[in-house]
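A.B. asks: Here is my input; please provide its structure:
(chains A, B and C)
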Amino acid sequence: MAKITFDGIEIEVPDGTTILNAARQIGGNIVPPAMCYYTPIKGTGGKCRACLVKVAAGSAKDPRPMPKLVPSCITTVQDGMVVENTVNQQVMDVRKGIVEMLLINHPLDCPVCDQAGECDLQNFAFEHGVATTRYEEERRTFEKIDIGPYIQLHMTRCILCYRCVYTADQLTERRVHGVLGRGDAAEIGTYIDNIIDQDFSGNVIDVCPVGALTDKTFRFKQRVWFTKPVNAHRNCENPKCSGNVVLWYKGKDVLRVTARKDEYGEVKEWICNTCRFEKKETSDWTIEGPSHIQRTSVISANHYELPVMNPQVIADLPESSVRDLENNPPLKLGR
Amino acid sequence: MGRKLLTEHINVPGIDTFEVYRKHGGYRSVEKALKTMTPDEVVEEVKKSGLRGRGGAGFPTGMKWSFLAKPEGVPRHLVCNADESEPGTFKDRHLMSKLPHLLIEGMITSSYALGANTSYIYIRGELLYVLRILEKAIAEAYANGFLGKNILGSGYDLDLHVHPGGGAYICGEETALLESLEGKRGNPRNKPPFPAVQGLYARPTVVNNVESIAAVVPIVNDGGEEYAKLGVGKSTGTKLISACGHLNKPGIYEIELGVPVEEFIYSDEYCGGIWKGRDLKAVVAGGSSVPILPKELILKTAAGENRLMTYESLSDGGFVTGTMLGSGGFIAMDETTCIVRNTWSFSRFYHHESCGQCSPCREGTGWLEKVLHRLEHGHGHMHDIDLLVSVAKQIEGNTICPLGEAAAWPVAAAVRHFRHEFEWHVTNPAEATRPGAYYSSKAAVAV
Amino acid sequence: MESTTAPVKPQFSPAAQAEIARLFTHYPAERRKSALLPLLHIAQAEFGGWVSPEVQDLVAETIGILPIEVYEVSSFYTMFNLKPVGKHVLEICRTGPCMLRGSDELTAQLERITGAKVGGTSPDGLFTLKEVECLAACGTAPIVQVREKYYEQLDTPEAVDAMLNELRNLVHRPLLPWEETGLAHSQQ
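C.D. replies: Next up is the predicted model:
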């Protein structure tokens, strides 16, 4: 175990934990933002530089500060380490600079972007950015392309986090897309017309932090804040698929199906393309109840969650859902 | 005339063949090391020599070697960084094409010191013709028992291969080089882990520049202490300087560290002065990434001391009034040079060569280039000048690899020392964009 | 991406196959992907100076990796031409040290003589002009690389003419990298 101090708060975590995950165990506003790191996907992290923090003391053994800011997502803790995030002005200034860099070539087409309302870049810019831009040059643009029947790639919005590439590498048998070109001309692509259509390829939509990869079956159907997320499951024929999903309702219609994400937007149980794209009837699913909504979410304004879950309902739920409920208890409204 | 440790025989006819090279004392260091020294003793000599990495960073080579992890049963590798591509630097190409056996000899001796049994020379793809020269020389070394199994009956085995890049400056960064050698995009790795622990194929690896490895040969032959007698202070030995730009005699010079900059530029032994009888305006002393200095600061330090060709003297004054020895890529600019245009060219280079992996460098290098392009082409604003400094600062220190700094420093330094010239471009756009026009502190002149 | 190669699947020549077999011995058996860059160089030399998607697929198959792994790499490194090129690709260095010694003028001159624009090919199909970054020959600037040869000190019309004439008289097939070109590689 290693004891570290993060923004003045002490916490003990297992050796090998990253600074970011230690901060997430503390939770709240001190957690650094992460645009490229994704815990369940190996190899992610270190690229966007959004989570840079100051290590004011390297360890108990060697308490010297680290000379440069370090990416908290891939830097592991040492016993006695002292980390500064929100309390350090340099970190805050650099983070503002990172927002600016990520936005100079971003189209800022949020009004017509399906990701709006659940976009990591939007949230990141809101929390750390400035309202004006110093960028006077032309922005980089790409043509939209359909990569298969279900997924649209809008490269102009991409921040090159590489998450979708690693995801396809680790979840599908034959990756067909990757990062092509280099520098600011680098792009996600298949090089030759190639469709991304393998059992688990739809998960690239869930891991995308921005609106670069979107679900064609949901495109322009509805703003996410007008939909109601409901947890559901089915016994999927695919042995690798968890079958645990979120159904996004508008009225009686299921508009889209996604995997379940935790409060940091990370999917813990992957779902197959059949569940995601082809099961859009309520009768396809066993409904568990409303999904837990973060207070900060645009959806929380609707306040539709059940105040208290019926104990009998909980008893009938599969174990994974009970765990989910325990970890994310429903808001107790009116108390 | 200073002593030449590397290039003494470079003009001997046939020196690129094993036979002639051997006749001129070649491969003695291999014999000495394998027959009379333990690997650790070789490392010790390199430490004593004070040799500092000749690729640009100047990190002590012996210390780098001593960091190499040596877990039981895991192969280790030595990889030679022959991806020379820092603008202004062309010494390694020269050394390898003329003296291929010197590098091979250095690779054998160094590999022995590190306990590596398979070593690679990663050469930039543009130098395929040098790769052929090296492969031919390697074949000769195998045929003469200096490579392969049981070298010179010592029981030590070594295979040496040359591997071409494909056109990417970033592969000169050691972890990008290793990625490239593994057949991947040249994306630098996050560190730690450092190559000394997890390098090529996740095995402990040392990556050294061509000139550093070549220098191991005289160090082992004559002893580290002997080597350290050359030079000044912590800048020991000799260094290859590749001089280019507006000089009468551009080329590669092996100098003993400590030669005064003024002597290097003006004496006939070296660059022979500025071409066309013109005055010197500025120098980039160590490859395009190091800060540019105006004439008065490159010849003398801010304190008025003579500036010497050493790591310490060139960096005297920090980045406020100093620069770096870097890779020894010495670019001289005469009085007619447009600093804005030159800075734009460097920025275009780093923009072109950014791998695009991390956001400050991917977006920032392009931004710098575009603003400089506007300034150079008469569309700049006064606030652009501070914008350049600010963007450079946002890149510097926040990237995965040093390309961020390499892109930021030249821009920041150009504005630091030549701000008036940038301002002149804003206030006199028509004049500044006239072909051949340049700014001088006396008056704007057009030729 | 359009392809101009015939629909028949490309094959490496026996000489290339032998060279590839030799290269594979340089790397651990489970790390054959290491041979990707050397193989792309061979492929480009064998198949008309550029690597079509079909050729890249052949490289992938030869090594035993996914095609996307080749596309990611070929598009990262600037030496690989992803579109058809003329018989000779003139790679003109444009970086600072060459610019100080007249690379802008050299480029303009080459455009004028060949009739090609940078990034394009001359009407006679002989020359493709390509601007590249530093070629590590700054002391003999300005310079042009054509395949494995460096043409240096191209600061006079005579030097440029000599280069172009030499290329016009060359066998009109990109030489395989391991074949003797019959030319001194560098004037240095």
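
A.B. asks: For the stretch 51-200 of chain B, what lies in contact range of chain A?
C.D. replies: B:168, B:185, B:190 (C-beta under 8 Å from any C-beta of the partner chain). Bear in mind the C-beta positions are built from the backbone N, C-alpha and C, glycine included.

A.B. asks: Quick one: the residues you listed as a markdown table, columns for secondary structure, distance to chain C and pLDDT too.
C.D. replies: Listed next are these as a markdown table, based on DSSP: H, G, I helix; E, B strand; the rest coil; distance: C-beta to the nearest C-beta, whole Å; pLDDT from 0 to 100:
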| residue | secondary structure | distance to chain C | pLDDT |
| --- | --- | --- | --- |
| B:168 | coil | 5 | 97 |
| B:185 | coil | 4 | 98 |
| B:190 | coil | 18 | 96 |
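
A.B. asks: Looking at the residues you listed, which is nearest chain A?
C.D. replies: residue B:190 (4.0 Å; C-beta to the nearest C-beta).

A.B. asks: Tell me the pLDDT of residue 165.
C.D. replies: As the question left the chain open, I've gone with chain A. Residue A:165 is assigned a pLDDT of 96 by the prediction.

A.B. asks: Correction: the question concerned chain C.
C.D. replies: At residue C:165, pLDDT is 94.

A.B. asks: Which elements pack onto whichever strand or helix holds it?
C.D. replies: Per DSSP states H and E: residue C:165 is located in helix C:157-168. Helices and strands touching helix C:157-168, by 3 or more C-beta pairs under 8 Å, 6 or more residues apart in numbering or on different chains; DSSP states H and E, are helix C:103-114, strand C:144-146.

A.B. asks: most remote residue from chain A's center?
C.D. replies: residue A:61 (35.4 Å; C-alpha atoms, centre = their mean).

A.B. asks: if I read this right, that one contacts residue A:2, doesn't it?
C.D. replies: No: at 11.4 Å, residue A:61 and residue A:2 do not qualify as touching, with contact defined as C-beta atoms under 8 Å.

A.B. asks: hey, what's in contact with both of these two?
C.D. replies: Both residue A:61 and residue A:2 are in contact with A:78-80, where contact means C-beta atoms under 8 Å, 6 or more residues apart in numbering or on different chains.

A.B. asks: Could you give the residue of chain C that lies closest to chain A?
C.D. replies: For chain C, C-beta to the nearest C-beta, closest residue to chain A: residue C:71, 3.8 Å.

A.B. asks: Run through the residues that contact the residue lying closest to that residue once chain neighbours are set aside.
C.D. replies: In this structure, residue C:71 finds its nearest non-sequential neighbour in residue A:191, 3.8 Å apart by C-beta to C-beta, 6 or more residues apart in numbering or on different chains. Residues in contact with residue A:191, defined by C-beta under 8 Å, 6+ apart, are A:178, A:180, C:1, C:53, C:67-68, C:71, C:75.

A.B. asks: try 7 Å
C.D. replies: A:180, C:53, C:68, C:71 (C-beta atoms under 7 Å, 6 or more residues apart in numbering or on different chains).

A.B. asks: So, low pLDDT: which residues of chain A?
C.D. replies: A:295-296, A:300-335 (pLDDT under 70).

A.B. asks: what's the neighbour count on residue 239?
C.D. replies: Defaulting to chain A. 6 (other C-beta atoms under 10 Å in any protein chain shown).

A.B. asks: my bad, the chain I had in mind was chain B
C.D. replies: 28.

A.B. asks: For the host helix or strand of it, enumerate the helices and strands it packs against.
C.D. replies: Assigning secondary structure by DSSP H and E places residue B:239 in strand B:238-245. Secondary-structure packing of strand B:238-245 (3 or more C-beta pairs under 7 Å, 6 or more residues apart in numbering or on different chains; DSSP states H and E): helix B:91-98, strand B:251-256, strand B:329-334, helix C:96-100.

A.B. asks: now with 10 Å?
C.D. replies: helix B:91-98, helix B:210-222, strand B:251-256, helix B:261-266, strand B:280-284, strand B:329-334, helix C:96-100 (3 or more C-beta pairs under 10 Å, 6 or more residues apart in numbering or on different chains; DSSP states H and E).

A.B. asks: Residue C:132 and residue B:352 touch, don't they?
C.D. replies: Yes: counting by C-beta atoms under 10 Å, residue C:132 touches residue B:352, with 9.0 Å between them.

A.B. asks: Identify the contacts common to these two.
C.D. replies: C:78, C:94-95 (C-beta atoms under 10 Å, 6 or more residues apart in numbering or on different chains).

A.B. asks: thinking again about what came up before, what helix or strand is the residue of chain C closest to chain A located in?
C.D. replies: For residue C:71, the enclosing helix or strand under DSSP H and E is helix C:67-74.

A.B. asks: what's the pLDDT at the residue most central in space within chain C?
C.D. replies: With distances taken as C-alpha atoms, centre = their mean, the residue of chain C nearest its centroid is residue C:147 (4.8 Å). In this model, residue C:147 is scored at 89, pLDDT.

A.B. asks: Residue A:206 and residue A:224, how far apart?
C.D. replies: 13 Å (C-beta to C-beta, to the nearest Å).

A.B. asks: Next: residue B:417.
C.D. replies: Where residue A:224 is concerned, residue B:417 sits at a distance of 53 Å (C-beta to C-beta).

A.B. asks: Please apply the same query to residue B:421.
C.D. replies: Per C-beta to C-beta, residue B:421 is found 52 Å from residue A:224.

A.B. asks: Tell me the one of the contacts of residue A:191 nearest residue A:266?
C.D. replies: residue C:68 (25.1 Å; C-beta to C-beta).

A.B. asks: and that closest one, how many residues sit next to it?
C.D. replies: If we define neighbours as other C-beta under 10 Å, then residue C:68 has 25 of them.

A.B. asks: any idea of the pLDDT on the residue located most distally from the centre of chain C?
C.D. replies: For chain C, the residue at maximal distance from the C-alpha centroid (C-alpha atoms, centre = their mean) is residue C:30, at 29.1 Å. You'll see residue C:30 listed with a pLDDT of 96.

A.B. asks: Flag every residue of chain C that's near chain A.
C.D. replies: C:1, C:3, C:53-54, C:56-57, C:66-78, C:82 (C-beta under 10 Å from any C-beta of the partner chain).
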